[in-house]
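Colleague: Here is the input, now give the coordinates:
(one chain, ligands or ions: 2)
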Amino acid sequence: MAQTIACANQKGGVGKTTTVVNLAAYLALAGEHVLIVDLDPQGNATSGFGIDRAALETTLYDVIVGDVQMADTVLATAVDHCEIVPASVSLAGAEVELASTDQRERRLTRVLAPIVDRYDYILIDCPPSLGLLTVNGLTAADSVLIPTQCEYYALEGLSQLIATLNLVRDNLNPALAIKGVVLTMYDARTNLSADVAAEVRNHLGAAVFDTVIPRSVRLSEAPSFGLPIALYRNDSRGAVAYAALADELRRRDGHVSAIAPIVPASAAPSPVLPSTPDSSRALAAGGLR
Ligand code: ADP
Ligand code: MG
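Modeller: Ligands and ions are numbered 1, 2, ... in the order given. Below you'll find the model as predicted:
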């Protein structure tokens, strides 16, 4: 039975989609059968695999709102054993249409159920909000993976997300676990990246993956070729990092180990970052459960 992981952070541009696409590709290359569910109306995971959204006959929208079966929307990708349920902009309408329906938060859970057993991992790429689509993703998931950009307000954003996770647990999905926090867009040339990484680790400890994703132009170029980094520049730093992340995830799950995690050289010791009262309070009051 698959383990379903929602990749979520209400901030846009923190690396959710990049993480889903590249982690999925490396998990599949390591022998796992992987399904990506593109839950973002922007459809960046879909286009990141070179799929033309405009040409799609059915997408996740038709499954969530209509009566199309999830299995009938699954597409192959350029990576063997890595499949995707694509999204198009129509999915934005699903958020509105679902709002007035019964069990509106459990729609994704229900439509995923018939195909869950076919996969080892199902990765859900959530939109950059904490709206009904993301709540559907968190309700359908066993755990949540949280990409966090190494920038100033990282902790503040995390505290909001944690509050939402706690609400989802209390009302919809008590078993929702934290898969981990992934530090993204790490820039080894700046003290800020090192400071933020240290601060996040300080607050969240073992929940933070050892592997850190560096800022890498190759990672940002790959989607314009419709390829995951594994098929675009498998020797780039970003590629090595996502391969290591997949390996670390599989090791945490008790699968086979392959290569050592990538840990950036730590920069000079740094002063404590100013965290907002809100973020400190939320993290202190339970932090990551
Ligand atoms: P999100 O899904 O959270 O909105 P994306 O994964 O789409 O974020 O990333 C936002 C932008 O940053 C994209 O243009 C992406 O190509 C780029 N990007 C993501 N991760 C990296 C990275 N490690 N290095 C450089 N650019 C990145
Ligand atoms: Mg995205």
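Colleague: what residues does this structure put near ligand 2?
Modeller: Residues of the chain found near ligand 2 (C-beta under 5 Å from the ion) are Lys16, Thr17, Asn44. C-beta: built from backbone N, CA, C; applies to glycine.
Colleague: Check whether the last one really touches Pro223, as I assumed.
Modeller: Yes: using C-beta atoms under 8 Å, Asn44 makes contact with Pro223 at a distance of 7.1 Å.
Colleague: residue contacts, Glu97?
Modeller: Val65 (C-beta atoms under 8 Å, 6 or more residues apart in numbering).
Colleague: Name the next helix or strand following the strand or helix carrying it along the chain.
Modeller: Element membership for Glu97 (DSSP states H and E) is helix 91-98. Downstream of helix 91-98, the next assigned helix or strand under DSSP H and E is helix 107-112.
Colleague: Determine the next helix or strand in the C-terminal direction from that next one.
Modeller: Where DSSP H and E defines the elements, the next helix or strand beyond helix 107-112 is strand 121-125.
Colleague: So which of the residues of the chain next to ligand 2 are in helices?
Modeller: Lys16, Thr17, Asn44 (DSSP state H).
Colleague: Looking at these, which is nearest Gly137?
Modeller: Using C-beta to C-beta, Lys16 comes nearest to Gly137 of these, at 10.6 Å.
Colleague: quick one: buried residues of stretch 99-107?
Modeller: Glu105, Arg107 (16 or more other C-beta atoms under 10 Å).
Colleague: Just give me how far that stretch sits from the chain centre.
Modeller: 23 Å (C-alpha atoms, centre = their mean, to the nearest Å).
Colleague: Also stretch 191-205?
Modeller: 20 Å.
Colleague: go on, stretch 230-238?
Modeller: That offset, for stretch 230-238, works out to 19 Å (C-alpha atoms, centre = their mean).
Colleague: Endpoints of that stretch, how far apart?
Modeller: Length of stretch 230-238, first residue to last, C-alpha to C-alpha, to the nearest Å: 9 Å.
Colleague: now stretch 213-228
Modeller: Distance across stretch 213-228, first residue to last, is 15 Å (C-alpha to C-alpha).
Colleague: which other helices and strands contact the helix or strand Ala244 falls within?
Modeller: Assigned by DSSP H and E, Ala244 belongs to helix 237-252. Applying 3 or more C-beta pairs under 8 Å, 6 or more residues apart in numbering; DSSP states H and E, one finds that helix 237-252 makes contact with helix 16-29, strand 177-184, helix 217-221, helix 229-232.
Colleague: Is any residue of the shortest one near ligand 1?
Modeller: Just to be clear, that refers to helix 229-232. No: judged by C-beta under 6 Å from any ligand atom, helix 229-232 and ligand 1 are separated, with a smallest distance of 9.5 Å.
Colleague: got it, and the second one?
Modeller: Yes: Strand 177-184 lies within reach of ligand 1 by C-beta under 6 Å from any ligand atom, at Thr184.
Colleague: the inter-axis angle of that strand versus helix 237-252?
Modeller: 160 degrees (axes from the mean of the first three to the mean of the last three C-alpha atoms, to 10 degrees).
Colleague: Tell me the buried residues in the next helix or strand after strand 177-184?
Modeller: For strand 177-184, the succeeding helix or strand toward the C-terminus, using DSSP H and E, is helix 191-204. Buried residues in helix 191-204, defined by neighbour count with 16+ other C-beta under 10 Å: Ser193, Ala194, Asp195, Val196, Ala197, Ala198, Glu199, Val200, His203, Leu204.
Colleague: out of those residues, which one sits closest to Val68?
Modeller: For those, the nearest to Val68 is Leu204 (39.2 Å; C-beta to C-beta).
Colleague: about what we covered before: could you dump the helix holding Glu97 to PDB, C-alpha only?
Modeller: What follows is helix 91-98 as a C-alpha-only set of coordinates in PDB (Å, rounded to 0.1, in the frame of the first residue of the first chain):
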ATOM      1  CA  LEU A  91      -9.000  23.100 -10.900                       C
ATOM      2  CA  ALA A  92      -9.300  26.600  -9.500                       C
ATOM      3  CA  GLY A  93     -13.000  26.200 -10.000                       C
ATOM      4  CA  ALA A  94     -13.100  23.000  -8.000                       C
ATOM      5  CA  GLU A  95     -12.200  25.000  -4.900                       C
ATOM      6  CA  VAL A  96     -15.400  27.000  -5.400                       C
ATOM      7  CA  GLU A  97     -17.600  24.100  -6.500                       C
ATOM      8  CA  LEU A  98     -16.500  21.900  -3.600                       C
END
